[in-house]
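Trainee: Any chance you could fold what I've pasted below:
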Amino acid sequence: MWRRWETDREYVQPLVQLRDGTKDDQPCTDADFDSELVHWNRGQVPFLGELRDLVWLTQEEALQQPPEIFGVDYSFDNDDRIMWTFPTDPP
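Mentor: Numbering: from 1, shown residues only. Sure, this is the predicted structure:
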């Protein structure tokens, strides 16, 4: 039984993999979103205290690489928008 229900909301969760294999998938907080957009528009992403070059994936690459690299899955909603599903941690 659920005691409370929260309204759904969209958020940004960059999936980052460096050439050395280091990965990160931390959601962008509402407080950081505006500064993140500035960096992304410049082709950069803050990662582990440094600004790194940002490479945007094509739609095809975005549907192929995150499942392979990060173990995520996706489906499409009723408006054909991609909905990502992250695996749950085992108990």
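Trainee: in the chain, which spans are helices?
Mentor: Per DSSP state H, the chain carries helices over the ranges 33-41, 59-70.
Trainee: Would you mind giving those as a markdown table with distance to Leu18 added?
Mentor: For the C-beta atoms, the positions are set from N, CA and C on the backbone; glycine is no exception. A markdown table is the format used below for the helices of the chain (distance: least, CB to CB, whole Å):
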| stretch | distance to Leu18 |
| --- | --- |
| helix 33-41 | 16 |
| helix 59-70 | 11 |
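Trainee: If I average pLDDT within each of the ones you listed, which one is lowest?
Mentor: In terms of average pLDDT, helix 59-70 trails the rest of the helices of the chain, at a mean of 81.
Trainee: now could you export just the CA positions of that helix as PDB?
Mentor: Extracted as PDB, the C-alpha positions of helix 59-70 are listed here (Å, rounded to 0.1, in the frame of the first residue of the first chain):
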ATOM      1  CA  GLN A  59      18.700   9.300 -32.500                       C
ATOM      2  CA  GLU A  60      20.000   6.000 -33.800                       C
ATOM      3  CA  GLU A  61      23.100   6.100 -31.700                       C
ATOM      4  CA  ALA A  62      21.100   7.200 -28.600                       C
ATOM      5  CA  LEU A  63      18.800   4.200 -28.900                       C
ATOM      6  CA  GLN A  64      21.800   1.800 -29.400                       C
ATOM      7  CA  GLN A  65      24.600   2.900 -27.100                       C
ATOM      8  CA  PRO A  66      23.000   3.600 -23.700                       C
ATOM      9  CA  PRO A  67      21.500   0.100 -23.500                       C
ATOM     10  CA  GLU A  68      24.800  -1.400 -24.400                       C
ATOM     11  CA  ILE A  69      27.000   0.800 -22.200                       C
ATOM     12  CA  PHE A  70      24.800   1.700 -19.300                       C
END
